[in-house]
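Trainee: for reference, the sequence and a predicted model appear below.
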Amino acid sequence: MSEILFDDIGSYPLPENVSKEWVQNAFRNRDEDEKLFSVINDAFQQKIDAGVDIPTYPQYQDMNEQFLRVIRNESCCESPFDVKLECAGLGELEAIETVAKAYREKYGETLKTRICVTGPTELYLKEFGGRAYTDIYALFAKSVNKFVRQAMKSAKNFKITTVSLDEPSIGLNPELSFEEEDIISALTGASRAASKWGADVEIHLHSALYFSLACQTPTINVVGIESAGTPSYLDLLDKKVFEDTDTFLRLGIARTDIYTLAGILNEKHNTNVWKEPQYLQEIVTELETPQVITKRLRLAHRRFGNLIKYAGPDCGLGSWPNQKIAFMLLSNVAQGIKDFEEYL
């Protein structure tokens with residue numbers, strides 16, 4: 001059996017003394033990098049300590065605005081919507097060089113990391129809605145590719161082994177009016193650099209409805225499915241399509257829908273756990289335990305076998321109540337995967 005790699009989607013709770021507004025301003029103005037980089041590094045180190053094999057830098061920026069504010073800036077573009085390569089930087093990667101360097105010095109090996117960029121479909125819909133301009137859509141894809149290219153080019157103390165395109169609207173947003181071949185073309189254009197540099201290219205979907213589009217995209221070799229919170233998504237997947245296109249699965253094996261999980265505890269304790277947060281701990285001690293996570297992985301493995309290459313939480317943990325409980329969930333996932341592999 002091939003090893004299942006534990007990765008995470010990206011977002012993570014901020015420490016209690018740091019607000020989202022401060023982070024946005026710090027990224028925009030870059031006048032408090034020391035504190036900003038410390039916040040990013042502390043969270044990134046927590047992911048490593050929790051046992052994530054291929055951690056993603058903590059995403060503290062708005063997934064759309066992080067890229068759109070560069071794409072909208074005329075001084076950063078060769079032409080409308082076509083970003084200059086030198087402007088296509090990811091500030092978070094500059095920050096994690098510190099942790100990655102310490103990791104290499106401690107373990108004598110280069111840290112493998114995952115980056116997540118917002119896909120061209122999501123960015124286009126945010127900017128233009130349901131009006132289908134295929135030429136502009138292609139330019140968004142070209143710009144996304146430049147962000148990836150610049151990231152892989154600039155990494156010093158870590159190696160980007162996984163690049164994920166975040167495309168939550170595919171399969172969910174009724175405004176999406178492009179033809180299938182246009183979507184495949186855009187996804188290909190956005191991930192060309194990652195594929196060329198030898199990284200696994202993963203697409204993070206919030207619905208499994210159009211998984212085959214991703215499988216048909218020649219540069220994408222991993223399809224991510226949020227299957228812990230919605231196990232029925234696995235019923236939509238055709239194993240033969242994955243086999244015929246040499247595509248692997250990234251499975252969600254831990255739920256991240258925090259408000260639904262909190263609702264279960266509200267009913268159990270007949271209270272509002274947001275006002276009595278001492279009960280929230282039960283999410284990781286009774287609901288999303290290593291045993292539950294292992295069971296999900298075992299059930300999925302019976303159906304898909306070695307097609308499963310990555311596993312981790314369904315989505316990001318940015319909406320979770322604090323870093324402690326987020327860290328415990330990641331630790332539970334690490335233990336769940338370990339127990340699964342020992343079971344096999």
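Mentor: Nice, I can see it. None of these values were measured; they are calculated from a predicted model.

Trainee: okay, helices next: where are they in the stretch 1-150 of the chain?
Mentor: For the stretch 1-150 of the chain, the helices defined by DSSP state H, counting those that start in this stretch occupy 20-29, 33-50, 65-71, 91-107, 120-128, 134-154.

Trainee: which one of the ones you listed lies closest to Thr289?
Mentor: helix 33-50 (14.9 Å; Cβ to Cβ). (Glycine included, C-beta is placed from N, CA and C.)

Trainee: ok, back up a step: and the helices of the stretch 1-150 of the chain as TSV, adding mean neighbour count, mean pLDDT and distance to Ala228?
Mentor: Shown next, in TSV, are the helices of the stretch 1-150 of the chain (neighbours: other Cβ atoms under 10 Å; pLDDT from 0 to 100; distance: least, Cβ to Cβ, whole Å):
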stretch	mean neighbour count	mean pLDDT	distance to Ala228
helix 20-29	14	93	26
helix 33-50	19	96	17
helix 65-71	19	95	26
helix 91-107	17	94	26
helix 120-128	22	96	22
helix 134-154	21	96	27
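
Trainee: could these go into JSON lines alongside distance to Asp339?
Mentor: Below are the helices of the stretch 1-150 of the chain laid out as JSON lines (distance: least, Cβ to Cβ, whole Å):
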{"stretch": "helix 20-29", "distance to Asp339": "35"}
{"stretch": "helix 33-50", "distance to Asp339": "15"}
{"stretch": "helix 65-71", "distance to Asp339": "36"}
{"stretch": "helix 91-107", "distance to Asp339": "24"}
{"stretch": "helix 120-128", "distance to Asp339": "35"}
{"stretch": "helix 134-154", "distance to Asp339": "34"}
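
Trainee: of all those, which one is nearest Leu329?
Mentor: helix 33-50 (8.4 Å).

Trainee: by contact count, what packs against the closest one?
Mentor: Helices and strands touching helix 33-50, by 3 or more Cβ pairs under 8 Å, 6 or more residues apart in numbering; DSSP states H and E, are helix 20-29, helix 91-107, helix 323-343.

Trainee: any idea which of the ones you listed gets closest to Leu297?
Mentor: Going by Cβ to Cβ, the one of the helices and strands packed on helix 33-50 nearest Leu297 is helix 323-343, 4.6 Å.

Trainee: can you list the helices and strands that the closest one packs against?
Mentor: strand 5-6, helix 33-50, strand 248-254, helix 290-304, strand 308-313.

Trainee: now that helix against helix 290-304, angle please.
Mentor: Orientation of helix 323-343 against helix 290-304 (axes from the mean of the first three to the mean of the last three Cα atoms, to 10 degrees) gives an angle of 50 degrees.

Trainee: so what touches helix 323-343?
Mentor: 1, 3-4, 6, 8, 12-15, 43, 46-47, 49-52, 253-254, 256, 280-281, 283-285, 288-294, 297-298, 301, 311-313, 317, 320 (Cβ atoms under 8 Å, 6 or more residues apart in numbering).

Trainee: picking up where we left off before, which one of the helices of the stretch 1-150 of the chain lies nearest to Ser79?
Mentor: helix 134-154 (8.1 Å).

Trainee: tell me the first helix or strand C-terminal of the closest one.
Mentor: With elements assigned by DSSP states H and E, the helix or strand that comes after helix 134-154 is strand 158-166.

Trainee: hang on, the earlier thing: of the helices and strands packed on helix 323-343, which is nearest Lys239?
Mentor: helix 290-304 (6.1 Å).

Trainee: please name the residues that touch the nearest residue to Gln150 once chain neighbours are set aside.
Mentor: Nearest non-adjacent residue to Gln150, counting by Cβ to Cβ, 6 or more residues apart in numbering: Ala88, 4.4 Å away. Counting by Cβ under 8 Å, 6+ apart, Ala88 touches Val70, Ser143, Lys146, Phe147, Arg149, Gln150.

Trainee: next one: Ala194
Mentor: With the criterion set at Cβ under 8 Å, 6+ apart, Ala194 makes contact with Val148, Met152, Ile160, Val163, Val201, Thr219.
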